[in-house]
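[1] Fold the following and give me the result.
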Amino acid sequence: MTQHSAGVLGTGSYLPKEEISNEAVAGPAGVTAEWIERKTHIVSRRYAAPDEATSDLATRAAGEALKGAGITAGQIDYLIVATSTGDSPQPPTSYLVQNALGADRAACLDVNVVCSGFVFGLALAHSLLAVRPGSHALVIGADIYSRILDFSDRRTAILFGDGAGAAVLGPVPDETGILDFDLSSHGSAHRYIRVEAGGSRMPASSDTLGEGGQFFRMEGRAVREFVAEKVPPALAALAARNGTRLDEVDHFVPHQANGVLLDELVE
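    A predicted model of the protein is given here:
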């Protein structure tokens with residue numbers, strides 16, 4: 001194996017048991033079930049049980065990924081949890097997952113890049129493995145958005161649910177594994193997706209609770225325009241850098257809560 005050969009050895013996922021239909025979320029959001037499916041192609045989503053936290057979902061997904069990779073938690077050197085809905089502001093959710101799994105030798109950290117968190121975590125893990133050939137990393141994306149939704153807001157309540165996915169990275173044969181990443185950030189768009197209260201700028205208080213500052217907010221049209229403008233050039237640049245045409249790619253695995261928007265991108 002070459003020094004930088006690292007790839008995905010196993011994957012796992014976990015979905016909460018409770019399936020929430022469009023009918024259940026349509027009324028509070030002031031729309032119909034038919035409207036939700038037509039606008040998003042979504043027919044249902046999952047909500048975590050009252051006694052489930054983000055670390056619980058992450059731990060279940062991680063366990064499946066470890067089984068798929070054929071290694072134990074004790075062999076993990078780096079544990080990264082990508083989440084924007086951690087169990088609490090402190091400690092990092094990754095520490096809770098480490099403790100639950102028994103991954104005692106792992107260096108742990110959280111990554112909060114919202115929708116892009118898992119990809120950023122994957123890139124970070126790949127870089128760490130390049131520095132320590134032969135090591136292993138566990139990357140988990142987990143969120144419980146049902147706890148921060150305003151169910152009267154149709155821009156968000158109809159889209160988001162809860163779940164977790166995980167991947168174990170480690171040594172792979174030459175000419176395989178992860179080839180390249182293309183990461184970017186656009187701080188000028190920071191208002192498009194936000195939770196305004198609960199941080200150092202606007203600490204949680206009775207006033208912020210009364211104003212709904214604890215809820216997730218999204219400027220749907222702005223996000224849609226952003227995706228349409230930024231994603232196609234990024235994909236084309238990544239493919240070109242690796243000597244590949246987009247029409248030669250067999251599978252795309254996009255993150256996007258709106259199936260209609262995916263159709264538009266494909267077209």
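
[2] Please provide the alpha-carbon coordinates for the lowest-mean-pLDDT helix or strand in the chain, formatted as PDB.
    Least confident helix or strand of the chain, by mean pLDDT, DSSP states H and E, is helix 259-266 with a mean of 84. Presented in PDB, the C-alpha positions along helix 259-266 are these (Å, rounded to 0.1, in the frame of the first residue of the first chain):
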ATOM      1  CA  GLY A 259     -36.200  15.900  -4.400                       C
ATOM      2  CA  VAL A 260     -37.600  18.400  -6.800                       C
ATOM      3  CA  LEU A 261     -34.400  20.400  -6.600                       C
ATOM      4  CA  LEU A 262     -32.400  17.300  -7.300                       C
ATOM      5  CA  ASP A 263     -34.400  16.800 -10.500                       C
ATOM      6  CA  GLU A 264     -33.700  20.300 -11.600                       C
ATOM      7  CA  LEU A 265     -29.900  19.800 -11.000                       C
ATOM      8  CA  VAL A 266     -29.900  16.600 -13.100                       C
END
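
[3] buried stuff in that helix?
    Leu261, Leu262 (16 or more other C-beta atoms under 10 Å). C-betas here are computed from N, CA, C, even on glycine.

[4] Stretch 216-234 too?
    Phe216, Arg217, Met218, Gly220, Val223, Arg224, Val227.

[5] just the CA coordinates of it, formatted as CSV?
    In CSV, the C-alpha atoms belonging to stretch 216-234 read as follows (Å, rounded to 0.1, in the frame of the first residue of the first chain):
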residue,chain,number,x,y,z
PHE,A,216,-34.1,26.3,12.9
ARG,A,217,-34.8,28.8,10.2
MET,A,218,-34.0,28.6,6.4
GLU,A,219,-34.5,31.0,3.5
GLY,A,220,-35.7,28.3,1.1
ARG,A,221,-35.6,30.3,-2.1
ALA,A,222,-32.1,31.6,-1.4
VAL,A,223,-30.9,28.1,-0.6
ARG,A,224,-32.4,26.8,-3.9
GLU,A,225,-30.7,29.6,-5.9
PHE,A,226,-27.4,29.0,-4.1
VAL,A,227,-27.4,25.2,-4.9
ALA,A,228,-28.3,25.8,-8.5
GLU,A,229,-25.5,28.3,-8.9
LYS,A,230,-22.7,26.7,-6.9
VAL,A,231,-23.1,22.9,-7.1
PRO,A,232,-22.8,22.2,-10.9
PRO,A,233,-19.5,24.2,-11.3
ALA,A,234,-18.1,22.5,-8.2
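
[6] Give me the residue ranges of the chain where confidence is low.
    Where the chain drops to pLDDT under 70, the residues are 1-4.

[7] For Ala239, see how far away Ala33 is.
    Here Ala33 is placed at a distance of 38 Å from Ala239 (C-beta to C-beta, to the nearest Å).

[8] and what of Val168?
    For Val168, the distance to Ala239 - C-beta to C-beta - is 26 Å.

[9] who's more crowded, those two?
    Taking other C-beta atoms under 10 Å, Val168 and Ala239 do not tie; Val168 has more neighbours (27 against 17).

[10] so which strand or helix has that one?
    Per DSSP states H and E: Val168 is located in strand 162-171.

[11] and that strand, how far from the chain's centre?
    10 Å (C-alpha atoms, centre = their mean, to the nearest Å).
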